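Turn this into a model:
(one chain, ligands or ions: 2)
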Amino acid sequence: MTEVDRASAAEGVPGAALMERAGEAVAHAALDYAAEKIVVLAGPGANGGDGFVAARLLAEANRAVVVAVLGDRAALRGDAAQAAAGWAGPTVRLEDADFARVDLIIDALFGAGLSRPLSGAAADAVLAAQACGAPIIAVDTPSGLDGASGHPIGDVCMRADVTVTFVRLKPGHILLPGRLLCGRIVLADIGAPASAVASVGARVWLNRPAVWRDAIPEPSIAGHKYSRGHVAVWSGPELQTGASRLSALAALRAGAGAVTLLGSKAALKEHAAHLTAIMLREAEDGWRSFLDQRKVAAVVVGPGASATPDTRRALEEACAGDRRVVMDADVFSLFAGDAEGLGRLIGEGEAVLTPHEGEFKRVFGEDADVAPSKLERARAAAARVGATIVLKGPDTVVASQDGRATIADNAPPHLATAGAGDVLAGLIAGLMAQGAPVFEAASAAVWLHGEAANAIGRGLIADDLPGALPNVLQSLASQ
Ligand SMILES: NC(=O)C1=CN([C@@H]2O[C@H](COP(=O)(O)OP(=O)(O)OC[C@H]3O[C@@H](n4cnc5c(N)ncnc54)[C@H](OP(=O)(O)O)[C@@H]3O)[C@@H](O)[C@H]2O)[C@@H](O)CC1
Ligand SMILES: [K+]
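Ligands and ions are numbered 1, 2, ... in the order given. Below you'll find the predicted structure:
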C-alpha cells in the first residue's frame, strides 16, 4: 500500500486526497449506526489521520464526537497533521478517553504501520473500548492485527464489528484469525488510480473465479473422453477404499473424460459394489505400465493409501512420467521430516500437495512455525519442493512455486468433515487432466469445493460433495 500511495502521488493523486476519501468511507460506515456519541481513537500515523477526517465529517453530520489522541497531537506529520488541523472539536489524551455511554468507537490507532505489540495507553484503550460493549469500527485493520499475516502482533488486539479498508484487501483480512477480528469488511475505493495499483504487481489474490476461470478449458464439441483427460487414482487397500473412491468420483465430476481406480483385487471388489462410471483395474504389480500406455494425464496418490512401501512405489511410478500428480494424506506420512526427499521425487514434474496444517508440519517440520503467516509458510514450502501447495483450512492458501497465491474465504464450517479432503484432491486432478495449469486448477478446485459445500449446507457429508458439483459448475458457466 505504501507503493500504491507513492504511485498514486506520481499520477497526480496526493496522499491527502486518499486520506480524505478514506475518512469519508469510515464516516459513511459509522452513519449506518444510530449513534449519538462517538469516540475516535487516533494514533500517531496516517491511520490516525483517517480518524481525524472521519471525526470532522461525523461532527458535520451532527454527531457528538470526541477524538482521543495517542501521544502528542503536535507531533503528527504530513497528511495526518493536515487532517488533525481540520478537526476543531473536542480532543482528549488517549489515557483520558471516557467510554461511559459511548454509542460507537472508531479505532484509528494503527493500521498498515503497526510495528510492535501494543503497550501502555494504546493497549489500555483497546481493552477499555472492548469492555465498554459499544460497536467498534476499525480503520484499515483492527489495531494490533498484522495486515500481512492475519495474526495479532502481541497479546492485545482490537476485535471490530466492521473494518473499513481501502484500495485492496490485505492478506490479514482473510487469513485467520484476522478475518474474525475484522468483523464485516468494507472495501472502499478511495480513488487510487488503477494503473497505480497495477504497478505494484501484487501476486496474491482472494480466491475468486476471476483469478482462474480463463485458464480452465471449456470442453470442446469435437472432443472425446480421452481428449478430456484420463485420471488414475491409487486405491486404498481392502476395507480402506472409501477415500480413494471419493477422489475418483470428484475427478469425474470435475470433467475428466475417464477415471480409473487401480488397486488390489480385494479393494476393487469393494469399489465395484459402489461405482459404475469409474473404471477399475487390478494393479498387483504397480501401475507404471498402465499410466504410460493409457496416457494418464493426472494421478492422485495418498487418500486412504496407508504409509506403506506399496504406496511409496506407486508415488515413485506416478512421478516418473510426464503427468501431473496430486499428493495427499498418507504421502505426508511417508515423507515426514523429508521435504527434500519429496522435492527430489517431484523434480521437474508438476505436482500439487494438499496438506492440512498437521500434515504440513509433519513434512516441513519446525521451519513451518518460523514464519507465522500461513501465506508465507505455504509460499516458502512451494518454493522448497517445487510444487503447488494447497494448505487447507477455513482460509485455504494455494501457493505456487513462482510466488503466486490465492486465499479462499468461501468454505463453510461444515466442510471440515471426514473425506472432504479426498474430494478436493480428486477435483484438482480432474481439472488438471483437462489441461488447466496447476496453480489455476488447484485454486479453482478449492473454490468449487467451498461452493459445493455451501450448496449442500448443514448436515453435509463428503459423499454428497461430488453430486453437488454439477449445479456449481453449471452456475459458474452461466455467470
Ligand atoms: N492507500 C492506502 O491504503 C491508504 C492508507 N491510509 C491510511 O494510512 C495508514 C498507514 O499509515 P502509516 O504508515 O502512517 O501507519 P499507521 O498505521 O498510522 O502507524 C504508524 C505510526 O504508529 C506508530 N506505531 C506503530 N506501532 C506502534 C505501537 N505498537 N505502539 C505505538 N506506536 C506504534 C509508528 O511509530 P514508529 O513505528 O515509526 O515508531 C508510527 O508513528 C493505513 O493503515 C490507512 O489507515 C490512508 O490515509 C491513505 C491511503
Ligand atoms: K486501526
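
wait, doesn't Glu95 sit right on Asp124?
Yes. Assessed by CB atoms under 8 Å, Glu95 is found in contact with Asp124 at 7.4 Å. C-beta here means a position set from N, CA and C on the backbone, and glycine is covered the same way.

neighbour-wise, which of those two wins?
Under the neighbour definition other CB atoms under 10 Å, Glu95 and Asp124 were set side by side, and Asp124 has more, 15 against 11.

For that one, pull up the helix or strand it's in.
Under the criterion of DSSP states H and E, Asp124 resides in helix 120-132.

Ok, Arg281 next?
strand 279-282.

Name the residues of that strand that are buried.
Residues Leu280 are the ones in strand 279-282 that count as buried (16 or more other CB atoms under 10 Å).

Next, give phi and psi for the most centrally placed residue in the chain.
By CA atoms, centre = their mean, the mean C-alpha position of the chain lies nearest to Ile407, the distance being 1.9 Å. When read as degrees, to the nearest 10, the backbone of Ile407 gives phi -130, psi 130.

residue contacts, the closest residue to it other than its chain neighbours?
Closest residue in space to Ile407, ignoring its immediate chain neighbours: Ile174 at 4.7 Å, by CB to CB, 6 or more residues apart in numbering. For Ile174, the contacting residues are Gly150, Leu206, Asp395, Ile407, Asp409, by CB atoms under 8 Å, 6 or more residues apart in numbering.

10 Å instead?
Ile174 makes contacts with 150, 182, 185, 204, 206-207, 375, 395, 397, 406-409, as judged by CB atoms under 10 Å, 6 or more residues apart in numbering.

same question, Leu469
Each residue near Leu469 by CB under 10 Å, 6+ apart is listed here: 249-250, 252-255, 423, 427, 430, 448-449, 451-452, 455.

ok, the residue nearest to the centre of the chain - contacts?
Counted by CB under 10 Å, 6+ apart, Ile407 has contacts 150, 169, 171-175, 179, 204-207, 374-375, 378, 391, 395-399, 443, 446.

Check which element follows the strand holding Arg281 along the chain.
Per DSSP H and E, the first helix or strand lying C-terminal to strand 279-282 is helix 288-293.

Strands of the stretch 301-450 of the chain, residue ranges please.
Secondary structure of the stretch 301-450 of the chain by DSSP state E, counting those that start in this stretch: the strands cover 324-327, 351-353, 388-391, 397-399, 405-407.

what about those, which gets the closest to ligand 1?
When the strands of the stretch 301-450 of the chain are compared by CB to the nearest ligand atom, strand 405-407 sits nearest ligand 1, at 18.5 Å.

domain parsing for this structure?
For the chain, automatic domain parsing gives the domain ranges 2-201, 209-477.

and those as JSON lines, adding mean pLDDT?
Output for the domains of the chain, formatted as JSON lines (pLDDT from 0 to 100):
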{"stretch": "domain 2-201", "mean pLDDT": "97"}
{"stretch": "domain 209-477", "mean pLDDT": "95"}
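
Reformat the ones you listed as TSV; add distance to ligand 2.
Below are those laid out as TSV (distance: least, CB to the ion, whole Å):
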stretch	distance to ligand 2
domain 2-201	4
domain 209-477	19
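
Export the ones you listed as TSV, with columns for distance to ligand 1.
Below are those laid out as TSV (distance: least, CB to the nearest ligand atom, whole Å):
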stretch	distance to ligand 1
domain 2-201	2
domain 209-477	17
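
The closest residue to Ala64 other than its chain neighbours: how many residues sit nearby?
Excluding the flanking residues, the one nearest Ala64 by CB to CB, 6+ apart is Lys37, at 4.8 Å. Number of residues near Lys37 (other CB under 10 Å) recorded here: 15.

Ala411 now?
22.

My read is that it contacts Gly421, right?
No. Using CB atoms under 10 Å, Ala411 is not in contact with Gly421; the gap is 11.6 Å.

which residues are in contact with both of these two?
Counting by CB under 10 Å, 6+ apart, the common neighbours of Ala411 and Gly421 are Lys392, His449.

Contacts only, for the residue nearest to His449 when sequence neighbours are not counted.
Closest residue in space to His449, ignoring its immediate chain neighbours: Leu424 at 5.0 Å, by CB to CB, 6+ apart. Leu424 is in contact with 246-247, 250, 303, 326, 328, 352, 354, 390, 392, 396, 415, 442, 445-446, 448-450, 462, 465, counting by CB under 10 Å, 6+ apart.

all helices for the stretch 101-250 of the chain, in order.
In the stretch 101-250 of the chain, the segments counted as helices under DSSP state H, counting those that start in this stretch are 120-132, 171-174, 178-182, 194-199, 209-212, 242-253.

same deal with the stretch 351-479 of the chain?
357-364, 367-370, 374-385, 420-433, 438-456, 464-477.

and the ones you listed, which is most packed in?
Ranked by mean neighbour count under mean count of other CB atoms under 10 Å, the helices of the stretch 351-479 of the chain are led by helix 420-433, which reaches a mean of 30.

That one vs helix 242-253, what angle?
40 degrees (axes from the mean of the first three to the mean of the last three CA atoms, to 10 degrees).

Just the CA atoms of helix 420-433, as CSV, please.
Once non-C-alpha atoms are left out, helix 420-433 reads as follows in CSV (Å, rounded to 0.1, in the frame of the first residue of the first chain):
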residue,chain,number,x,y,z
ALA,A,420,-13.8,-33.7,2.2
GLY,A,421,-10.0,-33.5,1.5
ASP,A,422,-10.2,-36.7,-0.6
VAL,A,423,-12.8,-35.0,-2.7
LEU,A,424,-10.6,-31.9,-3.1
ALA,A,425,-7.7,-34.0,-4.3
GLY,A,426,-9.8,-35.6,-7.0
LEU,A,427,-11.2,-32.3,-8.1
ILE,A,428,-7.8,-30.9,-8.6
ALA,A,429,-6.7,-33.9,-10.6
GLY,A,430,-9.9,-33.7,-12.7
LEU,A,431,-9.2,-30.1,-13.7
MET,A,432,-5.5,-30.7,-14.4
ALA,A,433,-6.3,-33.7,-16.6
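
farthest residue from the center of this protein?
When each C-alpha in the chain is compared with the mean C-alpha position (CA atoms, centre = their mean), Ala88 comes out farthest, at 42.3 Å.
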